[in-house]
Every structure is written in structure tokens, then in C-alpha cells.
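Chemist: Sequence and predicted structure, then a few things I'm wondering about:
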Amino acid sequence: MDAEKSNVCDIGISKEDEIKRVIAQHPCYSKEAQHKFGRIHLAVAPKCNIQCNYCDRKFDCVNESRPGVTSEVLTPEDALEKTRQILNEYPFIKVVGIAGPGDPLANDETFKTLELIRQEFPEMTLCLSTNGLALPERMPDILRTGVSTLTVTMNAIDPQIEAQLINHVRYNGKVYKGTEAASILIENQLKGIRMAVEADLVVKVNTVLVPGINDKHIVEVAKKINELGVFIMNVMPLICQARFADMTPPSPAECKTVQNECEPYVQQMRHCRQCRSDAFGLIGQDLSQMSEERRNTIKLEMKDKKRS
């Protein structure tokens, strides 16, 4: 077993049991866990290495609830202090994740933050979300810092389709566009996912459903990630913004149809709420956006659930 995972052996837990524990307490990976356990997103990663046509990042946003926005960007030290405060008040939170507002793997602050969190809270599940462009080269850092759950946003495995969803990628100091950019991104996503699964990370793939572009193709993504050993897939509806501001989002029925088509190949996450980069609490109950009175009510509700 890798040195990065030695903490599992040190406390007498088998690798298989540890994976089961992680899944059982991760609200994004278990539909049962979403009602009992929470997560905190630490917004320490503002930079991104690609530009998706549907992405509009905001670093001082308080009135939108979607990926790519945060009320502020934190330093690693600020993120640790925030984690201390929140875990003290809300002990039902079991997962610490970094999901932006840019791409975590394009920011060294991501790994400094994970090191600080792991040192002080070794019992917490560490989670990352990424577009996957830098995944192969950053895998040693991911393993070194103790990440056990990984989400990769992968919208196509056909470069012709992916090229319609991204404006450009920045890779090895150069900007790429069109199908060349898409091919680089897809190649690195597939390689990185394979490496993550082989390293015993529990992998989720997020796929943004964009009508008229990848809606008929997503089942092919599901088939491919099934081959790679991905644990769960999250088909998310397009949020119409940025270059796709004038598009029409898919209906709930359209999303359900695609999920049903993919279900035979990979388990589907159907309870996603497309959270902010600084969200914390239960899925669907973002405490970062609530009044103090409402937060206190939820604290009492969770204590009652624990006692019952």
C-alpha cells in the first residue's frame, strides 16, 4: 500500500472498509448520507486553466447559488480557521472539499490548504473537484495530501463535441483552441481518471447537459467511465450564462431521460444542487446563504436526528 494511505493501516482499518466509510459519509456519493452528513467547500482556488463556454466565475458574489461563485477567496490559513469554526458548530460535517471558484489543480493554494486540514483534522474526508486537465501531473500531490474522493467534470469524449463546449485551454504554457484543445483535455481526463481509480480514489464524474450539443452523446461518456471504474455520475443541467447565456436549459424531464439512459452503465447521482464554491452544510441547505436564526434551527434539527 502507498505511503500516502498508511494512515488507514495505522488505525487498523482495511482499505475496503475505509472506502465504504468514505462513501457512507459523503453526501454527494450516497443518497442516504445527504440527509445525515454535510460538507464544507473552501474557496481557495480562483485561477482556472480552461474557459468553458458556460462558466462565469465570480469572487465576491452573495446572491447566486451555483458553481464558480464565492463571497470571497480564502488563503489556506483563513480556510483552516473557517474549517475550525464550522466543524465546531456543525459536527455533522464530514467532508472538506475544494471546488473552486476556479480549478483546484491550477492553484498551489489547494494543496497547502489540504495539508493544513489533514494535519489538524485527520478524520475528515478530503475531496477535490476538477476539470481534469492537470489531473495526471497533479496526481502525486492529490495522493500526498490524502484526498480520497475526486470529482472530474467531463462533458464529452468526442473532441468535435467538446470543442463546442470550451473556448480554450491553457496547457504547458500554451493556449489551445478548437478540437486540439478538446483532444488534450479529454486525453488528460481519461488518463487522470484511470490513475485515480487505480490509486483507490472514489471517483465521481460531473457532466453538464447542454441541449443540442452533448445531450445525445452523454450515454457514450457513461459507457466509457464505466470501463474506467468510476463510482458515480452526476448529469447536471446547463446554467445559461457566459457564452451560453442565450441558450435554453434542459428541462427536468430531459435530465431524467439522460440519467435513465446512463443508469445501466454507471450509478446516477440525482440529488445534486449545483453548489457554490463556499457552500457548507447539507446538500440543498447551504448554511453560507442562511440567516443565523435558520442556521441555529438546523443545528437543533441535526442534534435531534443524531439522538433518534
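Modeler: Now that the structure is in, tell me what you want to look at. Numbering: from 1, shown residues only.
Chemist: Surely Thr179 forms part of a helix?
Modeler: Yes. Under DSSP: H, G, I helix; E, B strand; the rest coil, Thr179 sits within a helix.
Chemist: Pairing partners for the host helix or strand of Leu126, with directions?
Modeler: Using DSSP states H and E, Leu126 sits in strand 125-130. If you go by DSSP bridges, strand 125-130 pairs up with strand 93-98 (parallel), strand 147-153 (parallel).
Chemist: Tell me which of the ones you listed approaches Pro46 most closely.
Modeler: Pro46 sits nearest to strand 93-98 of all those, at 11.5 Å, using C-beta to C-beta. For the C-beta atoms, the positions are set from N, CA and C on the backbone; glycine is no exception.
Chemist: Quick check, pLDDT for Lys299.
Modeler: pLDDT recorded at Lys299 is 56.
Chemist: do you know how far the nearest residue to Ile117 once chain neighbours are set aside is from Lys177?
Modeler: Nearest non-adjacent residue to Ile117, counting by C-beta to C-beta, 6 or more residues apart in numbering: Val96, 5.3 Å away. Distance, Val96 to Lys177, by C-beta to C-beta, to the nearest Å: 35 Å.
Chemist: which one of the two has more residues nearby?
Modeler: Just comparing Val96 and Lys177: by other C-beta atoms under 10 Å the higher neighbour count belongs to Val96, 25 against 13.
Chemist: Looks to me like Asn206 is in a strand.
Modeler: Yes. Assessed with three-state DSSP, Asn206 lies in a strand.
Chemist: Any idea what it is bridged to?
Modeler: Counting by DSSP bridges, Asn206 is bridged to Thr153, Asn234.
Chemist: returning to what we had before: relative to Thr83, which of the strands paired with strand 125-130 is closest?
Modeler: Nearest to Thr83, of these and by C-beta to C-beta, is strand 93-98 at 6.2 Å.
Chemist: can you give me how far the closest one is from the chain middle?
Modeler: Its chain's average C-alpha position is 11 Å from that of strand 93-98, according to C-alpha atoms, centre = their mean, to the nearest Å.
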